[in-house]
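>>> pasting a predicted model and its sequence here:
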Amino acid sequence: MSTSSLYNSTASLARKHSRVSLLAAGAAAAGMLGVAGASVGSAPMAHATGNIETTANTASQASSSHSNASALDEVLGVQAHATQPAKQPAVSHTSPRLSAVPAPAKAAAAKAAPAKAAPAKAAAAKAAPAKPAKAAVAAKPAAPAHAKLAVAAPRPAAKHKAAQPTGPTKPYLVYDSVTPGSLPSSQPAAVYADGAYAASASQVSSHHSLLWIDTNGSDPNANALDVEPGDATPASAAQWVQAHLSKQPHSVAIIYTMRSDWSAVQSAVGGLPSWEQSHVRYWIADPTGVPHVVPGSSATQWYWGSSYDISTANPNFEQ
């Protein structure tokens, strides 16, 4: 095949297939050149190459207005599709609206976008008037300081109430006699537990308050000891106190004596332990006929009568 024939064949192929690209035209021309080379044999290679370039340029200009489909589709047919699959379009993860806007435009739009709502809410919160506190509306006037102290003060324990004295709270009269039947009924009374004038429980059953007097120091269960001439002595008084308190440690030990013998009795009792001395109560005979209590004593016998004697006792006399 001559060079002009090769040119004409390539041009004819480009006119019939306007979609042939530069690469397709070059491949087709190269194939024909090989055939022509086999026929011509000694044709100059440079002249053939120049013709191929001219033909390829012509084919490229003719196909510029068409799609970019591979020219091998026209030249090689289905076989080209099997060996070179078409590339899939890249999947975009960008929002459709943002992908339609060029990068510079997106940046400009971001700058022009209004500020977020958070600062606006903060500004609105600052501008809004503060609501009055509920506690301030419902608050009551403050209580005085002394009222708070009264509320906070602890209540006294029940055991303190139980420790309060249950006996008399003011001086009272005590009647004593050697003949119990002569004593005023229902009044505090004193009778003898032993000796010549010992009384029985039935004789004094009407008295709500009763003292039993030991005349010789032989009955530590009695409430009082009679220390006077013919009865217990001052020296025996201390022994009786100890014997009495050993049997009844929470009671009191009453010593009846004349005012003239009182100092001797105090000297004997002074040798006892202090806690025993604190339980001793003195009942002093001072028959002036006038109601009174000798200082330092718990009771004073101020009246001597034919039927009974009368004494005035302080509240601590029996407790």
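Thanks, I have it.
>>> got the CA coordinates for stretch 237-249 in CSV?
What follows is stretch 237-249, C-alpha atoms only, in CSV (Å, rounded to 0.1, in the frame of the first residue of the first chain):
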residue,chain,number,x,y,z
ALA,A,237,-25.6,7.9,169.1
ALA,A,238,-22.8,7.5,166.6
GLN,A,239,-23.1,3.7,166.8
TRP,A,240,-26.8,3.8,166.2
VAL,A,241,-26.4,6.1,163.1
GLN,A,242,-24.0,3.7,161.5
ALA,A,243,-26.3,0.7,162.2
HIS,A,244,-29.3,2.5,160.9
LEU,A,245,-27.6,3.7,157.7
SER,A,246,-26.1,0.3,157.0
LYS,A,247,-29.7,-1.1,156.8
GLN,A,248,-31.3,2.0,155.1
PRO,A,249,-28.5,3.9,153.3
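>>> quick thing: my sequence starts at 196, can you match it?
Got it, first residue is 196 now, which makes that one stretch 432-444.
>>> show me what counts as buried in that stretch.
A432, A433, Q434, W435, V436, A438, H439, L440 (16 or more other Cβ atoms under 10 Å). The C-beta positions use only the backbone N, C-alpha and C, and glycine is treated the same way.
>>> next: stretch 413-420.
The neighbour-count check on stretch 413-420 (16+ other Cβ under 10 Å) flags D414, P415, A417, N418, A419, L420 as buried.
>>> still on that earlier bit, tell me which of the buried residues of stretch 432-444 fall in helices.
When the buried residues of stretch 432-444 are checked against helices (DSSP state H), the matches are A432, A433, Q434, W435, V436, A438, H439, L440.
>>> the second one contacts V464, correct?
Spelled out, it's A433. Yes: look at A433 against V464 with Cβ atoms under 8 Å: they come within range, at 5.2 Å.
>>> just checking, S462 is part of a helix?
Yes: under DSSP: H, G, I helix; E, B strand; the rest coil, S462 sits within a helix.
>>> for it, which non-adjacent residue is closest in space?
The spatially closest residue to S462, leaving aside those adjacent along the chain, is P429, at 7.5 Å (Cβ to Cβ, 6 or more residues apart in numbering).
>>> what sits against the one you found?
By Cβ atoms under 8 Å, 6 or more residues apart in numbering, the contact set of P429 is V422, T452, D456, A459, V460, S462, A463.
>>> for the fourth one, which non-adjacent residue is closest in space?
Which is A459. Nearest to A459 is P429, by Cβ to Cβ, 6+ apart, at 4.0 Å.
>>> ok, that neighbour to D421 distance?
According to Cβ to Cβ, to the nearest Å, P429 and D421 sit 12 Å apart.
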